[in-house]
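Novice: Have a look at this prediction, sequence included:
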Amino acid sequence: MIRIKSREEILRMRKPGAVVASVFEAIAPMMRSGISTGDIDRIAHRVIVDAGATPSFLGYGGPEVRPFPAATCISIDEEVVHGIPSDDRFLEDGMVVSVDVGAYLDGFHADAARTYIIGDVPPRVKELVEVTEEAFWKGLEQAFPGNRIGDISAAVQEHCESHGFGIIRVLTGHGVGRELHESPNLPNYGRRGRGLRLQAGMTLALEPMVTLGSYDVVLTSNEWTFVTVDGQPSAHYENSFAITNKGPVVLTV
């Protein structure tokens with residue numbers, strides 16, 4: 001079931017969206033060599049709690065999945081999503097690090113992700129990170145009432161593949177609101193004119209997950225983290241947004 005939000009509900013979603021944005025402001029200066037992913041997670045957790053919100057990811061799970069143990073997902077290099085923070089894992093020059101954050105406040109969730117470059121990386125890896133972010137905005141340009149899910153998905157795919165990068169198939173964006181993950185799924189690949197028709201009041205999280213090589217991934221033994229099968233680095237960029245009659249409104253910037 002698609003949950004259409006009222007104007008008042010969309011305004012309420014701006015609150016957790018602002019909390020998520022403030023997390024990225026707080027951790028951006030920490031994204032340097034020598035910092036542990038555990039330290040980054042603790043700062044993010046503190047920012048969320050100090051704002052009166054709850055981390056959306058902490059304890060997230062289900063009957064077949066053990067609860068996620070942290071406030072953030074921190075994924076490095078070949079890790080695509082759902083990397084688990086640790087006091088034993090430190091950032092190093094040359095790494096590509098994505099941080100995924102969710103916050104719950106006033107009855108609603110917001111969800112976003114950013115990818116950071118640590119020190120110097122090859123030009124092609126830098127391009128990967130830049131194109132991944134650009135792909136989000138290309139997709140967002142299609143998020144108008146009357147268009148279809150496939151219009152968003154195709155825009156993301158076309159932009160990334162035009163630069164020779166791989167688009168993850170098995171992991172998608174999603175609806176977001178009263179639940180962290182709501183219907184519909186929002187793939188990063190597809191065909192224009194296909195899929196569910198977009199309506200004002202839909203709230204979605206679009207999250208291009210893009211690789212330097214193959215788009216195939218595998219789930220690791222920790223039951224959470226997905227990695228590229230060829231060991232090539234990946235990048236991740238996400239925002240939650242609302243579809244309105246005047247166009248899309250991003251809630252996590």
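Specialist: Sure thing, it's come through. In this text the structure is predicted, and so the values were computed from the model without any measurement.
Novice: what bridges to Gly62?
Specialist: Gly62 forms beta bridges with Val65, as assigned by DSSP bridges.
Novice: ok, it - how many residues close by?
Specialist: Neighbours of Gly62 under the rule other C-beta atoms under 10 Å: 7. The way it works is simple: take the backbone N, C-alpha and C, and place the C-beta from them, glycine included.
Novice: go on, Gly34?
Specialist: By other C-beta under 10 Å, 11 other residues sit near Gly34.
Novice: What of the one 5 residues further on?
Specialist: Around Asp39 there are 16 other residues, counting by other C-beta under 10 Å.
Novice: Shouldn't it be within a helix?
Specialist: Yes - assessed by DSSP: H, G, I helix; E, B strand; the rest coil, Asp39 belongs to a helix.
Novice: so it sits right up against Met30, yeah?
Specialist: Yes - with contact defined as C-beta atoms under 8 Å, Asp39 reaches Met30; the gap is 7.0 Å.
Novice: phi, psi of His174?
Specialist: phi -170, psi 170 (degrees, to the nearest 10).
Novice: For the spatially closest residue to it that is not a sequence neighbour, give its distance to Pro248.
Specialist: Once flanking residues are discounted, His174 sits nearest to His181: 4.8 Å by C-beta to C-beta, 6 or more residues apart in numbering. His181 sits 19 Å away from Pro248, taking C-beta to C-beta, to the nearest Å as the criterion.
Novice: Tell me which of those two has more neighbours.
Specialist: Taking neighbours as other C-beta under 10 Å, His181 and Pro248 compare with Pro248 leading, 21 against 17.
Novice: How about the contacts made by that one?
Specialist: Leu140, Ala143, Phe144, Phe241, Ala242 (C-beta atoms under 8 Å, 6 or more residues apart in numbering).
Novice: Of those residues, which is the most crowded?
Specialist: For those, the largest number of neighbours (other C-beta under 10 Å) sits with Phe241, at 28 neighbours.
Novice: Assumed that one was part of a strand.
Specialist: Yes - under three-state DSSP, Phe241 sits within a strand.
Novice: Quick check, it in contact with Val250.
Specialist: Yes - between Phe241 and Val250 there is a contact under C-beta under 8 Å: 4.7 Å.
Novice: Overlap in contacts, those two.
Specialist: Common contacts of Phe241 and Val250, defined by C-beta under 8 Å, 6+ apart, comprise Leu140.
Novice: Check which helices and strands the longest helix seen in the chain sits against.
Specialist: Ranked by number of residues, the top helix in the chain under DSSP state H is helix 7-27. Here helix 7-27 touches helix 37-50, strand 96-105, strand 108-117, strand 239-244, going by 3 or more C-beta pairs under 8 Å, 6 or more residues apart in numbering; DSSP states H and E.
Novice: so what strands line up beside whichever helix or strand comes after the last one?
Specialist: From strand 239-244 onward toward the C-terminus, using DSSP states H and E, the following helix or strand is strand 247-250. For strand 247-250, sheet partners with direction are given as strand 239-244 (antiparallel), following DSSP bridges.
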